[in-house]
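S.K.: give the three-dimensional model of this entry:
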Amino acid sequence: MSLQGKNKKPFSYINKIVLNKYFQNKDFNKTSSHQSNFSNSTFENTSFIDAKFKFSALYGVKYKGCVITGSHFKKCNLENAIFEECVIRATVFEKCKMKGVSFINCYLELGQLKNYPNLSFINCKTDVYTREMFSPQLLDIVEELRTNIFIRRSMVLVIKNNKINLLALKKLVDHFTEERLLDLLPMLPNHIKNQFYTVSYIEKILSDLEDSSNI
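M.R.: I've put the predicted structure just below:
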């Protein structure tokens with residue numbers, strides 16, 4: 001989905017009540033939501049890149065398979081929220097209510113989360129990853145993926161300033177191993193012809209490529 005002009009930020013909510021809503025495969029990139037109530041809603045396979053949520057109720061919200069990068073949650077109520085299979089990096093949680101928040105099978109930078117006691121982390125990867133932890137061959141292949149406009153625009157695996165989302169790459173390595181990725185990733189651009197928002201989309205295509213009977 002390409003968003004242009006006045007429709008560039010269709011999911012910005014200002015003083016809105018959107019309780020128990022189900023958002024799937026949505027683009028919240030660069031949106032700004034203020035003083036809105038999203039309580040008990042679900043965001044699945046949704047992208048939050050440079051998104052802002054301020055003074056909003058996110059109580060009991062479930063984030064599943066989302067990419068959350070460079071986002072800012074300010075004075076939001078996230079109590080009992082669940083982040084499952086998400087990739088979270090460079091994101092600020094400023095003066096939020098975080099009681100009972102759970103992170104399950106996530107790849108994330110702890111950042112300000114270290115300031116909140118009693119958060120639950122279940123099978124999460126919170127290490128700091130550097131380029132030296134990956135083979136030069138794999139990094140070169142990932143860089144070449146920028147030639148695909150949809151991979152480049154998604155900012156899921158390759159991001160701004162010629163950088164790589166190493167958390168997302170680690171998630172792929174854990175799923176497939178570096179050796180398999182060296183074979184699979186060069187085929188990826190030929191199979192992505194639409195806008196996408198999450199690592200799980202890449203994982204699905206690579207899994208299909210692994211099984212030649214599905215291609």
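S.K.: can you pull out the low-pLDDT segments for this structure?
M.R.: The chain contains residues with pLDDT under 70 at 1-10, 212-215.
S.K.: mind doing that once more with 90?
M.R.: Within the chain, the stretches falling below the threshold (pLDDT under 90) are 1-11, 111-112, 117-118, 160-162, 197, 211-215.
S.K.: okay, which residue is most central for it?
M.R.: Residue closest to the average C-alpha location in the chain (C-alpha atoms, centre = their mean): residue 67, at 0.6 Å.
S.K.: so who does that one touch?
M.R.: With contacts taken as C-beta atoms under 8 Å, 6 or more residues apart in numbering, residue 67 has the following neighbours: 47-49, 86-87, 156, 168, 197-199. Every residue, glycine included, has its C-beta placed from N, CA and C.
S.K.: likewise residue 35?
M.R.: Contacts were defined as C-beta under 8 Å, 6+ apart; by that measure residue 35 touches 14-15, 54-56.
S.K.: before we move on, back to that, bridging residues for the residue nearest to the centre of the chain?
M.R.: Each beta-bridge partner of residue 67 is listed here: residue 47, residue 87, as defined by DSSP bridges.
S.K.: stretch 117-135 spans what distance, first to last residue?
M.R.: The first and final residues of stretch 117-135 sit 36 Å from each other (C-alpha to C-alpha, to the nearest Å).
S.K.: give me the contacts around that stretch.
M.R.: Counting by C-beta under 8 Å, 6+ apart, residues outside stretch 117-135 touching it are 98-110, 113, 139, 164, 166-167, 169-171, 173-174, 178, 182.
S.K.: before we move on, back to that, inside strands: which ones of the contacts of residue 35?
M.R.: Those of those mapping onto strands are residue 54, per DSSP state E.
S.K.: who wins for neighbours among the contacts of residue 35?
M.R.: When those are compared by neighbour count (other C-beta atoms under 10 Å), residue 56 ends up highest, at 27 neighbours.
S.K.: circling back: now render the contacts of residue 35 as TSV, adding distance to residue 186.
M.R.: Listed next are the contacts of residue 35 as TSV, based on distance: C-beta to C-beta, whole Å:
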residue	distance to residue 186
14	44
15	48
54	42
55	46
56	42
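S.K.: ok so, going back, so which of the contacts of stretch 117-135 are in strands?
M.R.: Counting by DSSP E, those contribute 102-104, 107-108, 164 to strands.
S.K.: which ones are touching the closest residue to residue 138 other than its chain neighbours?
M.R.: On the basis of C-beta to C-beta, 6 or more residues apart in numbering, the spatially nearest residue to residue 138 that is not a chain neighbour turns out to be residue 178, at 5.5 Å. With contact set as C-beta under 8 Å, 6+ apart, residue 178 has these partners: 134-135, 138.
S.K.: show me these that map onto helices.
M.R.: Restricting the contacts of residue 178 to those inside helices, with DSSP state H as the criterion, leaves residue 138.
S.K.: would you mind checking the contacts of residue 178 for buried ones?
M.R.: Buried positions within the contacts of residue 178, assessed by neighbour count (16 or more other C-beta atoms under 10 Å), are 134, 138.
S.K.: what's the burial count for residue 132?
M.R.: When neighbours are counted by other C-beta under 10 Å, residue 132 registers 8.
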